[in-house]
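> I'd like to go over a predicted model; first the sequence, then the structure.
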Amino acid sequence: MAPKAADSFPATTPETASARPAASVKSAATPEEQELARKREEQAALEAELTERELRGADLRAELAAFEQQYLHFVGSKYAELDELKARLAERAAQKQPGNEQARRAAEDARSRADETKFVAGDKSTHEPKTFSATPETKRLYREVAKKIHPDLTSNRDDRAKRQLLMAEANRAYERGDQDRLAKILAEYEHSPEAFEGQGPAAELVRVIRRVSQARARLAEIEAEMQELLRSDIHQLKLRVDEAEKDGHDIFRQIMAKVDEQIAAARQRLSHEERGR
């Protein structure tokens, strides 16, 4: 007996339908979409690294700025006082020898140095400058700002200009430990028109490729900036001070003691000159 036509093919059930390859139900991703997915992963990794590098750079800049303020507060003001006394001594020597051109030039040079030292040292504050130490919350906010606002993460010229201004303000806020300002900068940008981006795989792929290139370039810039800071005189001095503190020595006080000796000697000479006029 011949089989029925209906018996020639297995019946389609929900189980057999679900076992079919997904490709028969949904078409595979296009090459552009696959490349976009890969580039987005690369971009995410680079931007995460960039955020951490930006934070380390901000920390180093803030630490050195705070250290320099301490140095000027304790040592710079002493040198300013010493240079002022030296300038007055040189001016008195020039007054005693009105026709001596060398004495006149020496007095002018001494006065110029004294004015420059005084300008660099600034007005001595009655309050000791604080060392820099960012709280975990301040670091978190700065990471968010760097991740979303850094100018090297956009290829739009107008957006980049706005980001540069905001990032500079964020760096200043971070050095002050101003969490409220960091949070406000982040909120203002997230609600700005520049934060909105269009859609489309092809256009987005181009944007992502450019962002990857920009992130790599910025990483190289940060590395160069960090190396320059690490080689700077103020950083080398900070290393000496930090190492000395570990051994129980205070380099600032040692330097100040030596300068105080020179100041006392200069005052004595000036007093002698004034009494002998």
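Okay, I see it.
> now do the SS call for Glu47.
Classification of Glu47 using DSSP: H, G, I helix; E, B strand; the rest coil returns helix.
> what is the neighbour count of it?
Using other C-beta atoms under 10 Å, Glu47 has 21 neighbouring residues. Glycine gets a C-beta too; all of them are placed from N, C-alpha and C.
> start the count at 11, not 1, going forward
Happy to do that; since the first residue is 11 now, the last one works out to Glu57.
> tell me the pLDDT of it.
As predicted, Glu57 sits at a pLDDT of 86.
> doesn't Ala225 make contact with it?
Yes - look at Glu57 against Ala225 with C-beta atoms under 8 Å: they come within range, at 5.8 Å.
> any shared contact partners between the two?
Here Glu57 and Ala225 have Leu163 as joint contacts, going by C-beta atoms under 8 Å, 6 or more residues apart in numbering.
> please, where are all the helices along the protein?
24-28, 32-35, 41-81, 87-106, 111-131, 146-159, 167-186, 189-200, 211-241, 243-256, 261-285 (DSSP state H).
> any idea which of the ones you listed scores lowest on pLDDT?
It's helix 32-35: among the helices of the chain, that one has the lowest mean pLDDT, namely a mean of 45.
> contacting residues for the residue nearest the centre of the chain?
For the chain, Ala68 is the residue whose C-alpha lies nearest the centre (C-alpha atoms, centre = their mean; 2.8 Å). Listed by C-beta under 8 Å, 6+ apart, the contact set of Ala68 reads 152, 181, 184-185.
> closest one to Pro161 out of these, please.
Asn181 (12.0 Å; C-beta to C-beta).
> was I right to think the closest one contacts Arg71?
Yes - assessed by C-beta under 8 Å, Asn181 is found in contact with Arg71 at 7.3 Å.
> what's around the residue nearest to Glu283 when sequence neighbours are not counted, how many residues?
Excluding the flanking residues, the one nearest Glu283 by C-beta to C-beta, 6 or more residues apart in numbering is Arg102, at 5.1 Å. Arg102 has 17 neighbours, counted by other C-beta under 10 Å.
> how near is Arg102 to Ala193?
Here the criterion is C-beta to C-beta, to the nearest Å. By it, Arg102 lies 58 Å from Ala193.
> and if you look at Lys49?
Taken as C-beta to C-beta, the span from Lys49 to Ala193 is 31 Å.
> surely Tyr81 and His245 touch.
No - the criterion here is C-beta under 8 Å, and Tyr81 misses it with His245 at 11.8 Å.
> got the end-to-end distance for stretch 256-267?
Start-to-end span of stretch 256-267 (C-alpha to C-alpha, to the nearest Å) is 20 Å.
> who touches that stretch?
By C-beta under 8 Å, 6+ apart, the list of residues contacting stretch 256-267 reads 80-81, 84-85, 88, 250-251, 254.
> report the buried members of those.
The neighbour-count test (16 or more other C-beta atoms under 10 Å) marks 80-81, 84-85, 88, 251 as buried among these.
> in those, find the pair that's most separated.
So, the buried ones among the contacts of stretch 256-267 by C-beta to C-beta: farthest apart are Lys88 and Val251, at 15.7 Å.
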